[in-house]
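A.B. asks: Starting from these lines, generate the structure:
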Amino acid sequence: MTLDMFKRIFRGVSLKVEDLFLLESFQISYLPGYVPVREFAAVLWAYPPIKVFLEKKYPPIADFVERVMAGYGPAVNEQELAACSDKVVWSIADLLVYNKCPEAYDTLEFHHWDFREITMITPLDRKVVIDGGAGTGRVALEAARTARQVFAVEPVARLRQFIREKASRAGLNNVFVIDGFLHAIPLPNEFADVLITSHALGWQLEDELKEFERVTRRGGFIIHCPGTAEEEKTEEYKHSRLISPDWRYEFSRYRESDGWKRKYWKQL
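C.D. replies: I've put the predicted structure just below:
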């Protein structure tokens with residue numbers, strides 16, 4: 001996404017360079033190839049504590065930090081520094097918003113797809129469900145209304161707290177929020193009847209798909225809904241892998257407010 005798109009999506013959110021201190025170690029690992037390097041160098045030169053924090057929190061980032069600072073010098077004045085800082089924080093606005101104000105992320109339109117897209121594939125009544133990459137917990141809480149137990153797997157600590165708060169307010173005591181990644185789910189083999197992802201699939205696609213089949217019991221369902229946006233060319237590789245003979249997902253199309261989407265499912 002462009003900076004303008006992020007600023008439009010998160011209208012009303014204020015991001016500051018100090019918000020970089022909110023990043024978790026796995027988020028810091030995404031910075032190479034994610035942040036604009038000239039502007040990032042200016043921030044690192046101007047804020048030595050941020051450099052120290054990033055390297056202490058995620059030591060492998062040190063090589064990238066050193067290359068960036070070797071390639072670019074400090075900002076020439078305060079005006080340039082302010083512009084560089086703004087570009088850096090808004091280039092990773094999604095990561096920062098997860099940590100700073102998940103309530104803003106929770107209101108985004110793409111969360112509001114019809115949950116019947118899941119239950120028309122398989123009912124969740126009295127089943128054990130995993131919500132992988134649970135985000136702000138929309139899927140987990142919807143599933144918990146009929147499921148026996150729901151395990152919301154989410155690597156961002158602030159989002160885990162946010163899900164727990166929402167579940168408590170909703171009086172749902174069958175939601176269990178745990179730290180984990182889609183490619184490393186901390187649950188036993190054949191644990192769940194249904195595994196669901198929503199807008200989370202694909203950071204490490206092949207490892208994720210293997211992990212889903214490990215933790216889902218035979219006869220259970222794996223569902224990705226929404227799985228991809230049909231209009232986005234960047235989603236085509238993901239689509240081709242899911243429906244390939246290697247993974248054999250079924251898929252269908254459905255319309256949302258922002259365009260056509262695909263959902264994918266398979267029964268083990």
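A.B. asks: On the three-state scheme, L195 is what?
C.D. replies: Assigned by DSSP: H, G, I helix; E, B strand; the rest coil, the conformation of L195 is strand.
A.B. asks: separation between the closest residue to it other than its chain neighbours and V177?
C.D. replies: Counting by Cβ to Cβ, 6 or more residues apart in numbering, I130 is the residue found nearest to L195 once chain neighbours are left out, at 4.4 Å. Heads up, the C-betas are built off the backbone N, CA and C, glycines and all. According to Cβ to Cβ, to the nearest Å, I130 stands 12 Å off from V177.
A.B. asks: Going along the chain, name the strands of the stretch 51-200 of the chain.
C.D. replies: Here the stretch 51-200 of the chain has its strands, by DSSP state E, counting those that start in this stretch, at 128-132, 149-153, 175-178, 192-197.
A.B. asks: Send me the first one as PDB with only the CA atoms.
C.D. replies: Output for strand 128-132, consisting of C-alpha atoms alone and laid out as PDB, is shown next (Å, rounded to 0.1, in the frame of the first residue of the first chain):
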ATOM      1  CA  VAL A 128     -12.800 -27.000  18.400                       C
ATOM      2  CA  VAL A 129     -11.800 -24.100  16.200                       C
ATOM      3  CA  ILE A 130      -8.400 -22.400  15.500                       C
ATOM      4  CA  ASP A 131      -8.500 -18.800  14.300                       C
ATOM      5  CA  GLY A 132      -5.000 -18.500  12.700                       C
END
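A.B. asks: the inter-axis angle of that strand versus strand 192-197?
C.D. replies: 20 degrees (axes from the mean of the first three to the mean of the last three Cα atoms, to 10 degrees).
A.B. asks: What strands line up against strand 128-132, and which way round?
C.D. replies: Applying DSSP bridges, strand 128-132 is found paired with strand 149-153 (parallel), strand 192-197 (parallel).
A.B. asks: got it, and the third one?
C.D. replies: In the sheet, strand 175-178 lines up against strand 149-153 (parallel) (DSSP bridges).
A.B. asks: Now do the contacts for F251.
C.D. replies: Contact analysis of F251 by Cβ atoms under 8 Å, 6 or more residues apart in numbering lists G227, H239, L242, I243, R262, K263, Y264, W265.
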